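Chemist: fold the following.
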Amino acid sequence: MPRVGMRTRGWAAAGLVACLAGCADGRSMPAPPVSRPQVWREVARFSGRGNAQLDTFPIERFTWRVRWATANEQPAGRGQLVVTAHSGDSGRLLAEVVDTVGVGQDVAYVTELPHRYYLVVQSSGVDWTLVAEEPTEP
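Modeler: A predicted model of the protein is given here:
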């Protein structure tokens with residue numbers, strides 16, 4: 001077994017002290033960046049009952065969201081809401097946004113290229129509200 005002398009331990013201790021002194025030399029470490037809450041801008045708002053193909057709206061960011069809510073379920077336990085996002089130019093299906101049963105509310109996020117979109121709603125037994133929003137800053 002190798003013998004560790006006082007001189008070797010001394011150098012190790014001196015190195016540790018130097019490292020700690022360098023880390024706490026009176027200069028403060030930069031504070032971590034404070035994240036600001038994301039601010040969202042309403043782009044379009046829709047409400048109704050039953051099926052609908054909604055008007056187009058422009059999205060200028062890669063990520064956007066749909067706040068949705070259902071209410072007034074009749075008959076109870078049978079309401080359904082399915083929402084899909086489509087290209088406003090080609091009509092191509094781009095994202096399944098909502099697929100829910102019953103009364104509720106939530107937020108669904110979509111990440112796609114910025115352009116014009118429209119939503120298609122398939123619904124039965126509930127009133128629905130949809131709000132398309134995009135962030136004010138990238």
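Chemist: which ones are touching the residue nearest the centre of the chain?
Modeler: Nearest to the geometric centre of the chain sits residue 109, at 5.3 Å (CA atoms, centre = their mean). Taking CB atoms under 8 Å, 6 or more residues apart in numbering, we find residue 109 in contact with 63-65. C-beta here means a position set from N, CA and C on the backbone, and glycine is covered the same way.
Chemist: could you do residue 58 as well?
Modeler: Each residue near residue 58 by CB under 8 Å, 6+ apart is listed here: 43, 88, 115-117.
Chemist: what do you get if the cut-off is 7 Å, keeping everything else the same?
Modeler: Taking CB atoms under 7 Å, 6 or more residues apart in numbering as the criterion, residue 58 is in contact with 43, 116.
Chemist: residue 52 versus that one, what's the distance?
Modeler: Residue 58 is 19 Å from residue 52, where distance means CB to CB, to the nearest Å.
Chemist: over to residue 87?
Modeler: Counting by CB to CB, the gap from residue 87 to residue 52 is 18 Å.
Chemist: could I have the buried ones of the contacts of residue 109 as PyMOL selection syntax?
Modeler: Restricted to buried positions by 16 or more other CB atoms under 10 Å, the PyMOL selection for the contacts of residue 109 reads:
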select buried, resi 64+65
